[in-house]
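Enquirer: need a structure here:
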Amino acid sequence: MSFLPNALALTLGYLLGSIPFGLLLTRLAGTADLRAIGSGNIGATNVLRTGRKDLAAATLLLDAIKGTVAVLIGAKLLPEGAMIAGFAAFAGHIAPVWLNFKGGKGVATFLGCLFGIHWPVGLAFCAIWLTVAGVSRYSSLSALIASAAAPLILLFLGHGGEAFVVAAMAALLWRKHAENIARLRAGTESRIGQKA
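Expert: Numbers count the residues shown, from 1 in each chain. Okay, here's the model as predicted:
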């Protein structure tokens with residue numbers, strides 16, 4: 001019976017994804033509470049607003065790794081466990097139980113899940129992000145376009161089931177970027193390297 005492995009994949013994925021690395025690292029470093037500055041999110045972008053590029057890079061890496069690890073652990077439990085654990089890890093990052101379900105926007109964890117699911121798609125995400133960022137200088141727009149492209153690439157490569165789950169993750173990611181989308185439309189979104 002697959003109920004227990006499914007439940008285990010879901011639980012482990014969520015708990016792993018909900019580890020607030022950005023908040024933990026900045027607290028250990030003695031910087032300001034992430035939830036009281038900038039966007040109030042716990043991701044790498046807000047960590048960067050503390051002035052600590054090293055902590056922002058570490059947050060980005062760890063938030064991505066937890067998505068990859070969740071997918072790999074889920075895959076060990078049962079075939080569909082990879083997608084269950086990956087989606088749960090992504091959900092855990094954007095809505096961690098420890099922080100009253102107020103987490104980050106999920107870009108790094110989304111990317112980490114892609115590398116765990118099918119690493120070429122993870123590379124494609126990076127390439128698209130870098131291309132859009134290089135042209136537009138908008139980090140949010142880069143993430144939105146790259147995340148929308150990811151399920152289409154999976155579908156093109158013949159991974160229909162994975163594409164469906166990643167599309168659901170992308171939809172949540174877009175929802176978390178609602179304010180960024182509004183600012184992009186209004187022309188008030190901050191560009192990469194722009195001083196606040």
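
Enquirer: where's residue 165, which helix or strand?
Expert: Element membership of residue 165, judged by DSSP states H and E, is helix 160-176.

Enquirer: gap between that helix and the chain center?
Expert: 11 Å (CA atoms, centre = their mean, to the nearest Å).

Enquirer: Give the buried residues for the longest helix seen in the chain.
Expert: Looking across the chain with DSSP state H, the single longest helix is helix 107-136. Neighbour-count burial for helix 107-136, counted by 16 or more other CB atoms under 10 Å, picks out 107-118, 121-122, 124-125, 128-129, 132-133, 136. Using the backbone N, CA and C atoms, a C-beta is placed for each residue, glycine as well.

Enquirer: one step back: in PDB, list the C-alpha atoms belonging to the helix holding residue 165.
Expert: Taking C-alpha atoms only, helix 160-176 is exported to PDB below (Å, rounded to 0.1, in the frame of the first residue of the first chain):
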ATOM      1  CA  GLY A 160       3.900  15.100 -18.900                       C
ATOM      2  CA  GLY A 161       3.300  14.200 -15.300                       C
ATOM      3  CA  GLU A 162       6.200  16.200 -14.000                       C
ATOM      4  CA  ALA A 163       5.100  19.100 -16.200                       C
ATOM      5  CA  PHE A 164       1.700  19.200 -14.600                       C
ATOM      6  CA  VAL A 165       3.100  19.400 -11.100                       C
ATOM      7  CA  VAL A 166       5.700  22.000 -12.000                       C
ATOM      8  CA  ALA A 167       3.000  24.000 -13.700                       C
ATOM      9  CA  ALA A 168       1.100  24.000 -10.400                       C
ATOM     10  CA  MET A 169       4.200  25.200  -8.600                       C
ATOM     11  CA  ALA A 170       4.800  27.900 -11.200                       C
ATOM     12  CA  ALA A 171       1.200  29.100 -10.700                       C
ATOM     13  CA  LEU A 172       1.900  29.400  -6.900                       C
ATOM     14  CA  LEU A 173       5.100  31.200  -7.600                       C
ATOM     15  CA  TRP A 174       3.300  33.700  -9.900                       C
ATOM     16  CA  ARG A 175       0.700  34.200  -7.100                       C
ATOM     17  CA  LYS A 176       3.500  35.000  -4.600                       C
END
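
Enquirer: That helix packs against which elements?
Expert: Counting by 3 or more CB pairs under 8 Å, 6 or more residues apart in numbering; DSSP states H and E, the packing neighbours recorded for helix 160-176 are helix 81-94, helix 107-136, helix 139-156.

Enquirer: Output the contacting helices and strands for the helix or strand following it.
Expert: In the C-terminal direction, the helix or strand that comes right after helix 160-176 (DSSP H and E) is helix 178-186. When contacts are defined as 3+ CB pairs under 8 Å, 6+ apart, helix 178-186 sits against helix 139-156.
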